[in-house]
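with the input below, show me the fold.
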Amino acid sequence: MQDVGLLRRLSQLDPTIYGEGNRLLTEFKGALAENFILSGLLRQFEDLPRYWHSGNMAEVDFLLQYQNRVIHVEVKSDENIKSKSLSVYRKHFTPNLSLRFSLRNIYSTDGFLNLPLFLVDYTKKYISILTRTN
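Predicted structure coming up:
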């Protein structure tokens, strides 16, 4: 959905769920985070993001095309950022740039960029800066 609030409403989750740390939020916050990131990416990139999976081994939330690059995007709704899928994808395809959204602060190292969820609207700007330097 284009609006996370509407998604929450259609899912029949009470608005107080965010402040309560309810078990339902724990189980649903990944889907809310992915929906939030997708709506931000759709405003910046012409092509729809794609999805990648490798059988039962790994899956990447989104694949973006920026110029002649394919950038895989992982979304984490928490500070726990362990991702087997990201490692499998990077090992298999050795991309120049990988992107993850999480609750952690912004940082970039060795072709890897972590952006806080709230910076999704600046994704294209950050990718542009990083791809100029690589």
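
measure residue 109 to residue 84 for me?
Between residue 109 and residue 84 the computed distance is 19 Å (C-beta to C-beta, to the nearest Å). Backbone N, C-alpha and C define where each C-beta goes, glycine included.

quick one: the strands in this protein, in order.
Using DSSP state E, the strands found in the chain span residues 50-54, 58-66, 69-75, 98-102, 107-109, 112-116.

out of those strands, which gets nearest to residue 92?
In terms of C-beta to C-beta, the element of those nearest to residue 92 is strand 50-54, at 7.2 Å.

tell me which of the strands of the chain sits most buried.
Greatest average neighbour count among the strands of the chain goes to strand 98-102 (a mean of 23), per mean count of other C-beta atoms under 10 Å.

helices along the chain, start to end?
Here the chain has its helices, by DSSP state H, at 4-10, 17-20, 23-42, 84-93, 123-133.

buried set for the third one?
When neighbours are counted by 16 or more other C-beta atoms under 10 Å, the buried residues of helix 23-42 are found to be 25, 28, 32-41.

rewinding a little: mind putting the strands of the chain into TSV with mean pLDDT?
Formatted as TSV, the strands of the chain follow (pLDDT from 0 to 100):
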stretch	mean pLDDT
strand 50-54	76
strand 58-66	87
strand 69-75	91
strand 98-102	92
strand 107-109	89
strand 112-116	92
